[in-house]
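[1] when you get a sec, could you give me coordinates for this:
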Amino acid sequence: MNDHTENKPASFFSKLRNAIGGKKSSVADNLLGLFNKNKVDEELIEDIESQLIMADIGIETTEKIISNLTKNLKRNIDNADDVKVNIKEIMLSILEPVDAPLIVKKNKDPFVILMVGVNGAGKTTSIGKLSQTFSSQNFSVMMAAGDTFRAAAIEQLEIWGERSNVEVISQESGADPAAVIFDAYASAKAKNIDVLLADTAGRLHTQKGLMDELIKIKKILNKQSSEAPHEIMLVLDASLGQNALIQAEKFNEALGITGLIITKLDGSAKGGILLSVADKLKIPIRFIGIGEKAEDMQEFDRQQYVNALLSFPEID
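    Numbering: from 1, shown residues only. Reported below is the predicted structural model:
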C-alpha cells in the first residue's frame, strides 16, 4: 500500500469526505444507515447493492463487491459493522493496482506529460496545479499551450505560469497544436527543463479528426525522444459518472493512457466512479481534485479515498 495519508493535510481529507461521503451525499448517508442495522441478511445485502450502483460504482464492479462480500458472509461476518469493514477491504483490493503515484526523475531530456480529455474536464486547470506541485518539488517546469482553439486556455496557462514562475510556450490562437508542442519540447530540451506539461484542446472521443490529431502529437514527441511522452494523462470529470468510464476506454484505445486525474469530485455526491474506472481499466489514478485551488488537487491515496467514501476516520 502507498501510505501517503500522513503527508496530506487533514483539510483535504475533510473536503474529500464532505464531497463523497458527507452530509451532501444521500448515498453515503443511506449506506451509513444500512451499516447501522444489527441484522445481516439477504435484504441488507440487496440494499447495499442498490446503494453501490447509485454511487456510480457501476453494475459490474458492484457485482464483484457483492460477490466477494457474500463469500465472506459465510465465514466471518455476523454484524453490520463487519459488513462495512469487509466492503472497505474489498474496495481497497480493487483500487490496489491503480494506487501508483507518478514518479518523475530528472534526466538529460525533459519528462513530458501530455494532457488529454474532453471539454470542461479541467485539463488546463490541472496543468496549472501540476506546475505548482512540480515547482515546489524543485523541478524546473515548462508548459506548452497546445490548446490553440481557445484563447482563454492560453491566457489561463499564462496566469498559472506567472504564479509558479514557469515559462509558457504558446503561439497565436488557431496555430497547429503539434507545432506548438514540437517547439516547446525543443525549447525545454535546450534549457535543460525537467518537466514539460503539454496542454491539448478538449475533444470528444467520437471526434475522429481530433483524436487523430492527438495521435499525431504523440508521434511527433516520440520522434523528438524515444521515451516521450513519458506520461499520457487523461483528465476525467467525476460528475459525469459512467460516461467518464466510456471516455476513458475510448481515449485509452486510441492513445494508451498511462495515468488519470479525476477532477470535480466536489461536484458529484456519488464519487464511486473511481472504483468502476479502476476495476475496468487498471490505469493508475495519479491525482484527484475537489476544488479550484492548487492544494485541492492531491496525489490519489486509496486508503484515504475509501475512508472518505464510507465515512471512516482519516486513519484507522
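[2] now name the helix or strand holding residue 197.
    strand 195-198 (DSSP states H and E).
[3] what's residue 133 in contact with, if anything?
    Contacts for residue 133 (CB atoms under 8 Å, 6 or more residues apart in numbering) come out as 294, 297. (Glycine included, C-beta is placed from N, CA and C.)
[4] now do the SS call for it.
    Classification of residue 133 using DSSP: H, G, I helix; E, B strand; the rest coil returns helix.
[5] so where is the stretch 1-150 of the chain shaky, pLDDT-wise?
    Applying pLDDT under 70 to the stretch 1-150 of the chain flags residues 1-10, 21-29, 38, 76.
[6] show me where it has strands.
    Using DSSP state E, counting those that start in this stretch, the strands of the stretch 1-150 of the chain run over 111-117, 141-144.
[7] of the ones you listed, which is nearest residue 236?
    strand 111-117 (6.7 Å; CB to CB).
[8] helices or strands up against that closest one?
    helix 123-136, strand 195-198, helix 208-224, strand 231-237, helix 242-255 (3 or more CB pairs under 8 Å, 6 or more residues apart in numbering; DSSP states H and E).
[9] could you list the paired strands of that strand along with their orientation?
    Partner strands and pairing direction for strand 111-117 (DSSP bridges) are strand 195-198 (parallel), strand 231-237 (parallel).
[10] average pLDDT for the shortest one, rounded please.
    In other words, strand 195-198. The pLDDT scores in strand 195-198 average 98.
[11] and for it, what's in contact with it?
    Contacts to strand 195-198, defined as CB under 8 Å, 6+ apart, come from residues 104, 110-115, 127, 130-131, 134, 139-144, 146, 181, 184-185, 188, 217, 221, 229.
[12] repeat that for stretch 156-163.
    124-125, 127-129, 131-132, 143, 145, 166-168, 170, 199.
[13] can you redo those residues as TSV with distance to residue 52 and neighbour count?
    As requested, those are exported to TSV (distance: CB to CB, whole Å; neighbours: other CB atoms under 10 Å):
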residue	distance to residue 52	neighbour count
124	33	26
125	30	20
127	33	31
128	34	26
129	30	24
131	37	25
132	35	19
143	39	29
145	41	29
166	41	23
167	46	17
168	43	24
170	45	23
199	35	30
